[in-house]
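Asks: no sequence on this one, just coordinates:
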């Protein structure tokens with residue numbers, strides 16, 4: 001059973017988008033959605049040579065949490081590299097998923113409150129930088145767009161000696177508009 005099979009049973013393809021408006025925006029497309037942490041680590045983006053890839057992988061890893069907490073946490077541990085998840089980190093993530101499993105799905109292109117955050121295919125995450133993204137040497141502050149929020153959310157990555165960009169911190173689990181299926185006023 002695939003990650004989004006409960007929402008829609010489909011396949012994915014790969015592509016990239018050009019820079020826009022003077023700031024670089026990359027559309028990270030997943031050719032196949034993994035079903036296990038091993039498949040996650042085998043994705044081309046898992047080379048983590050680009051901060052854009054690591055940011056998109058963070059979204060994907062968090063999407064697993066409602067379906068398989070241990071797999072999701074294993075993916076996040078991989079993305080964090082030499083910096084393990086603390087008990088506080090795990091508790092924070094668990095608390096954010098108490099009643100809003102749709103939040104990480106909202107970062108996929110086409111996922112909106114109107115369609116209950118069902119991602120469009122191919123599964124694509126838009127990741128952007130701005131003029132301040134690289135102010136601190138060795139760090140990258142990138143932004144992902146949610147179909148349920150008015151402004152992009154931040155993911156900070158850190159460049160390690162091995163040339164890989166690791167997840168440093170994420171601010172993408174904050175509340176967003178509820179899907180119409182859960183909104184009594186919609």
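Replies: Perfect, thanks for sending it. Not measured: the values here are computed from a predicted model.

Asks: let me see the contact set for the spatially most central residue of the chain.
Replies: Nearest to the geometric centre of the chain sits residue 59, at 1.2 Å (C-alpha atoms, centre = their mean). Contact partners of residue 59, counting by C-beta atoms under 8 Å, 6 or more residues apart in numbering, are 104, 107, 108, 125, 144, 172. C-beta coordinates here come from the backbone N, C-alpha and C atoms, glycine included.

Asks: doesn't it lie inside a helix?
Replies: Yes - assessed with DSSP: H, G, I helix; E, B strand; the rest coil, residue 59 lies in a helix.

Asks: so how far is residue 91 from the closest residue to it other than its chain neighbours?
Replies: The shortest distance from residue 59 to any non-neighbouring residue, by C-beta to C-beta, 6 or more residues apart in numbering, is to residue 107 (4.5 Å). Distance, residue 107 to residue 91, using C-beta to C-beta, to the nearest Å: 22 Å.

Asks: which one's more surrounded, the two?
Replies: Just comparing residue 107 and residue 91: by other C-beta atoms under 10 Å the higher neighbour count belongs to residue 107, 31 against 10.

Asks: that one contacts residue 171, correct?
Replies: No - taking C-beta atoms under 8 Å as the definition, residue 107 is not a contact partner of residue 171, at 11.9 Å.

Asks: give me the common contacts of those two.
Replies: Listed contacts common to residue 107 and residue 171 are residue 153; contacts here mean C-beta under 8 Å, 6+ apart.

Asks: count of residues packed around residue 84?
Replies: Residue 84 has 9 nearby residues by other C-beta under 10 Å.

Asks: what's the pLDDT at it?
Replies: On pLDDT, residue 84 comes in at 93.

Asks: could you find the closest non-adjacent residue to it?
Replies: Leaving aside its sequence neighbours, residue 84 sits nearest to residue 77 (C-beta to C-beta, 6+ apart; 6.3 Å).

Asks: now do residue 146
Replies: residue 106 (4.3 Å).

Asks: for residue 128, same thing?
Replies: Take residue 128 and drop its neighbours on the chain: the residue closest to it by C-beta to C-beta, 6+ apart is residue 25, 4.3 Å away.

Asks: the one you found reaches residue 130, doesn't it?
Replies: No - taking C-beta under 8 Å as the definition, residue 25 is not a contact partner of residue 130, at 10.0 Å.

Asks: noted, bye for now.
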